[in-house]
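Trainee: requesting a structural model of the entry that follows:
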Amino acid sequence: MAEYILSLDQGTSSSRAILFDRKQSVVAVEQKEFRQIYPNQGWVEHDPMEIYSTQYGVMMDLLAKKGIQVEDIAAIGITNQRETTILWDKNTGIPVYNAIVWQCRRTSTIVDSLKKKELGDYITKTTGLIVDAYFSATKIKWILDTVEGVKERAKNGDILFGTVDTWLIWNLSGRKAHVTDYTNACRTMLFDIHKLRWDDMLLEALGIPRSMMPEVKPSGSMFATANIKGVDIPIAGVAGDQQAALFGQCCFEKGDVKCTYGTGCFMLVNSGESAAQSANGLLTTIAAGFSDKVQYVLEGSVFTGGAVIQWLRDELRILTESADSEYFASSVPDNGGVYLVPAFTGLGAPYWDMYARGCIIGITRGTKRAHIIRAAQESIAYQVLDMLRAMEKDTGIKIAELRVDGGASRDRFLMQFQADLCRIAIVRPRELETTALGAAYLAGITVGFWKDQNEIKDRVRHDVVFEPEMDAQKREKSIALWHKAVERSRGWAE
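Mentor: I've put the predicted structure just below:
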């Protein structure tokens, strides 16, 4: 009997393979970072071949280092960075251009043209999304319009589109399966979240041939088989990273909310079987599940979360290791009046300002690097607070606790500051690999490795709960200064 589920977690900065046992515990992890490509200001790309090679490589390294037999793996689950867009030749398997990453802002002018055509309301009602360069649709159009010969090849049926999950499945299946799931499809700005199908009007408006689009299935489905060392393993669970984390946190009931702290920060609340439309800059999207009867979520997206700490490390070089940020933030009593707005690629929810740019304000002669590091840490929590407030307005629910996960949730300073700002309990699970765990749950339940959602929910354990401590007057003053700093950053690149 197979004893493990293998999760492939393809993120924005690294590819990981994680092995889970029947007790939902991590048995082994392998990770490899890959290049971030910045051809122009505001542009972000990845090499699709490097995405696949690193993902395949960590999978094989994990099996080899742990001596795991392929026969011991019951199924594969895949979770991935969403919206990132890849086009490739279906005959050769060669990408026609680098992957355009979700953070990339190059298609802002295409977004402006859609707004001028008054398609904004239709897009929001149909897809649940706000018209923005964040999503896949305008990235596809940019490649079709810019890369020589690709548009004609697409019209002839020779070009395929996929988000990263689709690209991985296509390669793992021996180029047989061109497929995605609802959670990824609904982030393209081309998918009707009510009828659960690609929208012909939007495809036509953007000049995207329907033949490019993958088949769409529920997240817990038999997507394909991957032949690994001569053994066929079912790929039975697929979900975009944020919906996978929601599932991994067992947010199965209406009103359950979680926030993932990764390269960006993403807050999702389960809104049940009705697709609520936000009046406060949130997105309506589809939750991971097992049938065509879907649940919906409201989502807030922060473009630059943990990435601001990477920026301090790699570009400003005032940190040697990202983990050191907690020490420096705690080494000073406050931020010294310094506020950092990390709008490197614009601001997400609830602002949706693609022309905002980053700023550091409040610097004096007495400012130390610890103040800047602390301001960067705090900026993550302030952005999450803005999303939380928008979510409460839209749902009418006073959120009592926030379930957290992702790499930055290990940072005790950040989590305590988050509790102080939000004035609610911040609940951190013992198993922080909730994104990969969500994909494992989907695959495991699909193949019968676990019985159902109730079985996995009964085993969830919490590590620590952070309770608010900050003085109310200090809190309100700090939030007011944050919003003042945000206004300084807005519209800068227009």
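Trainee: first-to-last residue distance for stretch 28-46?
Mentor: Across its full length, stretch 28-46 reaches 26 Å between end residues, using Cα to Cα, to the nearest Å.
Trainee: swap in stretch 257-267?
Mentor: End-to-end distance for stretch 257-267, by Cα to Cα: 7 Å.
Trainee: now stretch 327-337
Mentor: By Cα to Cα, the extent of stretch 327-337 from end to end equals 19 Å.
Trainee: what about Trp241, how many neighbours?
Mentor: Trp isn't right for residue 241; it's Asp. 29 (other Cβ atoms under 10 Å). The way it works is simple: take the backbone N, C-alpha and C, and place the C-beta from them, glycine included.
Trainee: pretty sure it contacts Gly11?
Mentor: Yes - using Cβ atoms under 8 Å, Asp241 is in contact with Gly11, at 6.9 Å.
Trainee: overlap in contacts of the two?
Mentor: In terms of Cβ atoms under 8 Å, 6 or more residues apart in numbering, Asp241 and Gly11 are both contacted by the residues Asn80, Gln81, Gly262.
Trainee: surely the last one is in contact with Gly305?
Mentor: Yes - A contact is recorded between Gly262 and Gly305 when judged using Cβ under 8 Å, the distance being 6.3 Å.
Trainee: shared neighbours of those two, anything?
Mentor: Ala408.
Trainee: closest one to Ile424 out of the shared contacts of Asp241 and Gly11, please.
Mentor: Gly262 (20.9 Å; Cβ to Cβ).
Trainee: which ones are touching the closest residue to that closest one other than its chain neighbours?
Mentor: Distance criterion Cβ to Cβ, 6 or more residues apart in numbering; nearest residue to Gly262, sequence neighbours excluded, is Gly406 at 4.5 Å. Residues in contact with Gly406 (Cβ under 8 Å, 6+ apart) are Ala245, Thr260, Tyr261, Gly262, Cys265, Gly306, Leu432, Thr434, Thr435.
Trainee: again, but for Gly42
Mentor: Applying Cβ under 8 Å, 6+ apart, the residues contacting Gly42 are Cys104, Arg105, Arg106, Thr345, Ala493.
Trainee: lowest-confidence one in the contacts of Gly406?
Mentor: Lowest pLDDT among the contacts of Gly406: Leu432, with 76.
Trainee: surely Leu282 touches Leu298?
Mentor: Yes - counting by Cβ under 8 Å, Leu282 sits close enough to Leu298 to count as a contact (4.7 Å).
Trainee: overlap in contacts, those two.
Mentor: With contacts defined as Cβ under 8 Å, 6+ apart, the residues shared by Leu282 and Leu298 are Met391, Asp394.
Trainee: and those two? Which one has more around it.
Mentor: Neighbours per residue (other Cβ under 10 Å) separate Leu282 from Leu298, with Leu282 holding more: 30 against 26.
Trainee: what is the lowest-mean-pLDDT helix or strand in the chain packed up against?
Mentor: The weakest-scoring helix or strand in the chain, judged by mean pLDDT, DSSP states H and E, is helix 453-457 (a mean of 77). Other helices and strands packing on helix 453-457, by 3 or more Cβ pairs under 8 Å, 6 or more residues apart in numbering; DSSP states H and E, are helix 434-447.
Trainee: so what sits opposite Tyr296 in the bridge?
Mentor: On the basis of DSSP bridges, Tyr296 is bridged to Gly272, Ile286.
Trainee: burial of it, as a residue count?
Mentor: Neighbour number of Tyr296 under other Cβ under 10 Å is 22.
Trainee: what sits against it?
Mentor: Counting by Cβ under 8 Å, 6+ apart, Tyr296 touches Gly128, Ile193, Ser271, Gly272, Glu273, Ser274, Ala275, Ala276, Thr284, Thr285, Ile286, Ala287.
Trainee: still on that earlier bit, more crowded one of Gly262 and Gly305?
Mentor: Neighbours per residue, other Cβ under 10 Å: of Gly262 and Gly305, the larger number sits with Gly305, 27 against 23.
Trainee: relative to Gln242, how far out is the nearest residue to that one once chain neighbours are set aside?
Mentor: Nearest residue to Gly305, sequence neighbours excluded (Cβ to Cβ, 6+ apart): Cys265, at 3.7 Å. Separation of Cys265 from Gln242 (Cβ to Cβ, to the nearest Å): 10 Å.
Trainee: neighbour count winner among those two?
Mentor: Just comparing Cys265 and Gln242: by other Cβ under 10 Å the higher neighbour count belongs to Gln242, 31 against 28.
Trainee: contacting residues for the more buried one?
Mentor: Counting by Cβ under 8 Å, 6+ apart, the residues that Gln242 touches are Arg82, Thr260, Phe266, Leu268, Glu299, Thr435.
Trainee: I'd like those as CSV, with distance to Met189 and secondary structure appended.
Mentor: Converted to CSV, those look like this (distance: Cβ to Cβ, whole Å; DSSP: H, G, I helix; E, B strand; the rest coil):
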residue, distance to Met189, secondary structure
Arg82, 12, coil
Thr260, 21, strand
Phe266, 17, strand
Leu268, 18, strand
Glu299, 14, strand
Thr435, 23, helix
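Trainee: farthest pair within the residues you listed?
Mentor: In those, two members sit farther apart than any others by Cβ to Cβ. They are Glu299 and Thr435, at 14.4 Å.
Trainee: these two: who's more crowded?
Mentor: Between Glu299 and Thr435, counted using other Cβ under 10 Å, the more crowded position is Thr435 (30 against 26).
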